[in-house]
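>>> Provide a 3D model corresponding to the input given below.
(one chain, ligands or ions: 1)
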Amino acid sequence: MRYPGFARDIVTLGLVREVTVQAGQVAIVLALPTDKRDVIATLDAEIEGAVRSLPGVAKVEIRRAGEQARVGGSSRAAPLPGVRHILAVASGKGGVGKSTVAVNLALALRARGLRIGLLDADIHGPSVPLMAGVPEARPRMVEEKKIVPIERYGIALVSMGFFLDDRSPVIWRGPMVMSIVRQFLKDVVWGELDILVVDLPPGTGDAQLTLLQEVAVAGGVIVTTPQDVALQDVRRGITMFDTVQTPVIGIVENMSGYVCPKCGTEEAIFGTDGGQRESAALNVQLLGKIPLVGDLRASMDLGAPLVASAPDHPISQTFAAIAELVVAGLEHQ
Ligand code: ADP
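Okay, the predicted model is just below:
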């Protein structure tokens with residue numbers, strides 16, 4: 001039986017804590033990662049229906065475990081040694097600027113004097129090597145196949161792109177994505193880091209969920225564009241983080257308007273203030289709004305992200321403000 005909104009079932013998610021059968025009476029103890037009544041009611045009804053249809057079952061009793069569950073079991077995944085916080089950057093779909101935000105946010109956090117790592121887990125289309133200006137980099141391997149991150153702009157970088165010969169997008173299936181990312185996390189010599197920023201694969205489905213579950217993520221940032229369809233994805237993103245009880249630190253609204261370089265007027269190509277409305281409605285902080293700016297795209301294509309190459313640029317200042325809020329959000333966990 002699937003957990004609402006996800007393809008995985010409640011047993012593999014570790015939500016069924018106990019099942020006892022006694023003279024046709026079945027008692028099930030569930031630990032749910034949510035207190036949303038509609039989710040609980042749907043699950044209860046489906047479980048009861050499924051169990052009642054089994055031969056010999058006269059009565060079904062469903063109880064809650066004492067504590068709210070974190071998907072995957074009661075214990076949080078083990079943090080990485082030497083890494084204080086893992087921050088996941090997610091988006092509902094590709095092309096909204098998730099990697100652009102992850103890279104510039106990592107640099108803005110670095111500019112605050114923090115020790116930062118960046119893991120490009122977007123293995124469908126790893127764009128971080130290009131954006132960081134190290135498209136041809138190949139990390140060193142040390143003892144027992146450990147990967148040494150590439151140092152760039154003061155950040156420790158690891159990307160699937162470093163391990164692909166051909167830069168065309170790779171289509172990996174969910175479980176494969178997971179085993180590769182898991183290996184990455186385990187086999188990289190990150191050293192001492194204050195924050196490891198993980199650029200998640202786009203989407204808010206099972207692959208991303210498993211990743212969050214396995215790597216003890218301290219907080220999530222969701223990148224969105226302001227139009228309504230993207231905002232539905234934000235809701236899905238929040239549900240994803242809720243499911244693994246990872247706090248959403250906030251939303252970054254990207255491509256929030258277009259400032260004409262000639263006349264300076266701003267046009268709301270993708271609608272106005274969608275991120276703002278949605279963050280208020282969902283009670284999640286809007287960390288910042290980044291307009292569509294040619295300089296930003298050009299800087300990413302050149303491998304010289306604005307935050308590193310032009311720290312005084314208004315976009316870099318916006319990222320500095322976002323970084324401040326992210327640090328505050330992580331410290332509050
Ligand atoms: P995602 O990681 O969500 O797939 P990317 O970060 O790769 O998206 O961004 C997609 C493209 O859009 C890139 O070429 C990037 O330079 C560009 N881009 C992202 N955000 C902006 C922005 N605010 N202004 C201009 N170009 C942007």
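
>>> could you say which helix or strand holds I249?
Here I249 is covered by strand 248-259, with elements defined by DSSP states H and E.

>>> what packs against the longest helix along the chain?
Ranked by residue count, the top helix of the chain under DSSP state H comes out as helix 314-331. Secondary-structure packing of helix 314-331 (3 or more C-beta pairs under 8 Å, 6 or more residues apart in numbering; DSSP states H and E): strand 83-91, helix 98-111, strand 219-224, strand 248-259, strand 286-292, helix 306-309. Any C-beta I mention is one placed from the backbone N, CA and C, and that applies to glycine too.

>>> do stretch 256-263 and the ligand meet?
No: residues of stretch 256-263 contacting the ligand under C-beta under 6 Å from any ligand atom: none, with a closest distance of 7.9 Å.

>>> mean pLDDT lowest for which of the helices and strands packed on helix 314-331?
Per-segment mean pLDDT for the helices and strands packed on helix 314-331 reaches its minimum on strand 248-259, at a mean of 88.

>>> that one pairs with which strands, and in what direction?
strand 219-224 (parallel), strand 266-267 (antiparallel), strand 286-292 (parallel) (DSSP bridges).

>>> my read: R17 touches R64, true?
No: applying C-beta atoms under 8 Å, one finds R17 not in contact with R64, separated by 9.3 Å.

>>> picking that back up, so can I have TSV of the helices and strands packed on helix 314-331 showing mean neighbour count and distance to E278?
TSV is the format used below for the helices and strands packed on helix 314-331 (neighbours: other C-beta atoms under 10 Å; distance: least, C-beta to C-beta, whole Å):
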stretch	mean neighbour count	distance to E278
strand 83-91	24	14
helix 98-111	27	17
strand 219-224	28	8
strand 248-259	23	7
strand 286-292	21	8
helix 306-309	23	25
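
>>> now tabulate these in CSV and tack on distance to R140.
Conversion of the helices and strands packed on helix 314-331 to CSV gives the following (distance: least, C-beta to C-beta, whole Å):
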stretch, distance to R140
strand 83-91, 20
helix 98-111, 21
strand 219-224, 30
strand 248-259, 33
strand 286-292, 34
helix 306-309, 23
